[in-house]
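>>> missing the sequence, but the structure's below:
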Ligand code: ADP
Ligand code: ZN
Ligand code: ZN
């Protein structure tokens with residue numbers, strides 16, 4: 001008997017095939033089975049999708065509209081992917097407007113695709129190594145604080161999803177560990193998914209999980225899942241999770257698609273972090289998919305943050321007289337473990353400082369005092385390189401990138417001008433390329449320059465042991481080499497560094513023990529940005545940065561920890577809320593503004609972006625799409641805005657435009673997008689100049 005089998009393969013997003021192909025097979029295959037199928041002259045990896053009905057024996061061969069090709073082979077020895085997994089993929093594809101084949105295949109390790117049948121057979125035969133004995137030190141489990149105990153009791157007693165609103169240093173990680181342990185003890189098969197924004201920023205976390213669980217559940221109970229694994233490691237870890245051997249998967253956003261047959265708990269740490277949103281291909285939000293997946297599989301979901309996204313904060317609102325409570329259960333841990341105090345926030349009014357002041361004298365004095373006492377300092381400046389632009393003082397020439405609508409950044413270490421958008425790099429010119437003037441100089445300031453400047457300012461200052469102080473810089477440039485970030489962080493932890501200068505990379509999650517002063521420079525840009533999410537991001541960055549100070553309650557301090565903010569708008573409500581460490585006040589004020597402007601979470605958005613050789617071509621495609629969708633949009637009360645150039649309009653000589661779509665109903669927006677997609681595909685073939693287009697549902701940057 002012959003069967004028709006539907007197989008999902010990864011076809012190019014806009015091929016129009018949509019990823020589902022039909023093949024013929026002598027045997028029925030369970031949905032979820034991985035197979036190899038011919039397509040044209042190639043052979044592709046595919047996933048058997050739904051159950052296609054067997055062809056009746058008597059069916060006339062001529063009745064088939066076209067000759068179906070046969071499945072080439074089956075990846076033997078692999079349990080089929082579960083119905084839940086397929087449904088998660090199907091949902092993500094539908095919601096984010098991509099093909100299920102693309103989403104499914106992107107979620108599978110590349111080696112499944114790349115290994116030949118023989119290589120795969122050999123790979124399967126490889127005996128798993130005997131489980132290694134755990135060799136680290138077994139640490140005593142701390143007794144939960146009252147707040148932790150209360151939160152854990154709530155998690156045990158309710159279904160969730162939970163928003164764990166816990167201050168920096170309130171012991172959220174300990175809650176994740178305990179909640180995970182409870183699941184592992186309750187169910188001998190239970191699996192737990194722990195997601196973090198960027199795994200290399202939190203090497204400590206993996207160690208904490210391993211130290212807690214390896215003694216009882218074996219050194220192999222935890223696997224990592226992120227993009228810096230080698231293909232072989234990724235396959236190994238993926239198989240361990242898929243076979244149920246790995247009990248804990250710790251990973252970045254891609255881990256939300258891990259095949260975990262016995263998933264019981266999902267933790268999304270730092271749930272507000274923008275890196276949970278995928279920025280290419282299927283632009284999914286791993287946080288939002290985690291909520292969906294939890295519901296689908298009956299797994300509990302904990303979103304944790306000291307500064308939740310305003311979406312999650314809104315979803316966890318308590319009931320009022322007028323309105324029922326949100327869908328999430330909010331759990332609060334306001335206190336720091338060990339009564340460690342949050343830093344005192346000090347604002348410096350830069351309007352009252354001499355022109356071009358980098359560090360106000362008060363701040364400098366405070367820094368000098370602290371390093372002399374052996375305390376550590378963190379200086380946050382969210383701009384890497386030496387200076388954002390090089391400028392000719394004579395003719396006004398600036399270091400523009402010839403390929404982008406952006407300036408190239410001056411990097412002094414290797415004396416280059418580098419475009420941070422397209423990567424175009426050139427040596428710094430000796431003289432102005434436009435007028436020949438020798439007097440070209442940096443404008444503005446990046447971390448490289450700050451590090452240099454601080455070294456001069458603190459040149460006379462010594463550590464308690466009489467040695468000169470050490471300054472180090474952590475940003476995307478200083479950590480380009482593999483292992484470099486870990487090495488630099490280890491130095492900070494070991495106390496070999498006195499002043500740490502860096503971008504947002506130094507603000508996130510680190511459990512620095514000796515930092516007592518944090519200074520944030522040049523933050524004002526975000527106060528008046530055209531992106532309505534900029535204040536939310538700034539507030540959370542500053543709260544996170546503040547949270548790096550005073551983490552060791554046992555440190556005997558001469559004066560309390562401090563967070564310094566230099567600003568031209570020190571009385572801005574954002575800084576007022578920061579001073580009080582009052583996230584709820586900040587959130588309330590922001591949500592009020594968003595409600596008045598009907599912005600998310602009070603409305604739902606999507607963006608269509610188009611890229612072409614000319615801005616006109618990109619916009620004309622979008623505006624044609626707008627016309628095509630106008631009637632349906634009207635009917636569904638969906639707003640279609642005119643096409644506009646993107647903020648950085650040109651990158652690598654490609655012009656970029658976007659169009660905003662907005663609606664107060666998520667359902668109506670989804671409905672619109674699904675029906676409109678066909679128009680976009682059709683229009684694309686008429687607009688040949690368009691190089692790429694894509695829909696971004698729930699975009700994070702407008
Ligand atoms: P968060 O993730 O909320 O920033 P952590 O979980 O990193 O906080 O906890 C901060 C510090 O407090 C860590 O060093 C941790 O080991 C410690 N800690 C957490 N819970 C307890 C507890 N119940 N008793 C003692 N120390 C704890
Ligand atoms: Zn010039
Ligand atoms: Zn460029």
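Alright, I've got the coordinates. None of these values were measured; they are calculated from a predicted model. Ligands and ions are numbered 1, 2, ... in the order given.

>>> check contacts around the closest residue to residue 495 other than its chain neighbours.
Once flanking residues are discounted, residue 495 sits nearest to residue 514: 6.1 Å by CB to CB, 6 or more residues apart in numbering. No exception for glycine: its C-beta is placed from N, CA and C like everyone else's. Residue 514 makes contact with 374-376, 495, 552, 555, according to CB atoms under 8 Å, 6 or more residues apart in numbering.

>>> Report the buried residues of the lowest-mean-pLDDT helix or strand in the chain.
Within the chain, confidence by mean pLDDT, DSSP states H and E is lowest for helix 117-125 among all helices and strands, at a mean of 82. For helix 117-125, the neighbour count (16 or more other CB atoms under 10 Å) marks 120, 123 as buried.

>>> swap in stretch 609-624?
609-612, 615, 617-622, 624.

>>> tell me the mean pLDDT over it?
Average pLDDT, stretch 609-624: 96.

>>> how many other residues sit next to residue 179?
If you count neighbours by other CB atoms under 10 Å, residue 179 ends up with 22.

>>> Sorry, slip of the keys, the one I care about is residue 478.
By other CB under 10 Å, neighbour count at residue 478 equals 21.

>>> Show the contacting residues for the closest residue in space to residue 446 that isn't next to it in sequence.
In space, and not counting its chain neighbours, residue 446 is closest to residue 385: 4.0 Å by CB to CB, 6+ apart. Listed by CB under 8 Å, 6+ apart, the contact partners of residue 385 are 409-411, 418, 420, 446-448, 477.

>>> just residue 516 next, same as before
343, 370, 375-377, 549-550, 555, 557, 561-562.

>>> Also residue 310?
By CB under 8 Å, 6+ apart, residue 310 lies in contact with 536, 587, 590-591, 594, 600-601.

>>> Also residue 227?
Contacts of residue 227 (CB under 8 Å, 6+ apart): 252, 254.

>>> doesn't it fall inside a helix?
No. Counting by DSSP: H, G, I helix; E, B strand; the rest coil, residue 227 falls outside a helix, being coil.

>>> quick one: residue 234 and residue 111 touch, right?
Yes. Proximity of residue 234 to residue 111 meets the contact threshold set by CB atoms under 8 Å, at 7.2 Å.

>>> how close does residue 4 get to residue 50?
Taking CB to CB, to the nearest Å as the measure, residue 4 and residue 50 are separated by 11 Å.

>>> neighbours of whichever residue of the stretch 251-400 of the chain sits closest to ligand 3, just the number please.
Going by CB to the ion, ligand 3 is nearest to residue 400 of the stretch 251-400 of the chain, at 8.9 Å. Neighbours of residue 400 under the rule other CB under 10 Å: 15.

>>> Run through the residues that contact the closest residue to it other than its chain neighbours.
Nearest non-adjacent residue to residue 400, counting by CB to CB, 6+ apart: residue 407, 5.7 Å away. If you count contacts by CB under 8 Å, 6+ apart, residue 407 has them with 388-389, 398-401.

>>> Buried ones only from those residues, please, as a PyMOL command.
Listed next is the PyMOL selection for buried residues among the contacts of residue 407, using 16+ other CB under 10 Å:
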select buried, resi 388+389+399+401
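
>>> In strands only, show me the contacts of residue 407.
Secondary structure from DSSP state E places residue 389 of the contacts of residue 407 in strands.

>>> would you list the contacts of residue 407 in CSV and tack on distance to residue 352 and pLDDT?
Output for the contacts of residue 407, formatted as CSV (distance: CB to CB, whole Å; pLDDT from 0 to 100):
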residue, distance to residue 352, pLDDT
388, 25, 89
389, 27, 92
398, 30, 93
399, 32, 93
400, 34, 93
401, 36, 93
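
>>> Tell me the one of the contacts of residue 407 nearest ligand 1?
Relative to ligand 1, the closest of these is residue 388; by CB to the nearest ligand atom it sits at 32.2 Å.

>>> which ones are touching that closest one?
407, 409-410, 443-446.

>>> give me that answer again for 7 Å
407, 409, 443-444, 446 (CB atoms under 7 Å, 6 or more residues apart in numbering).
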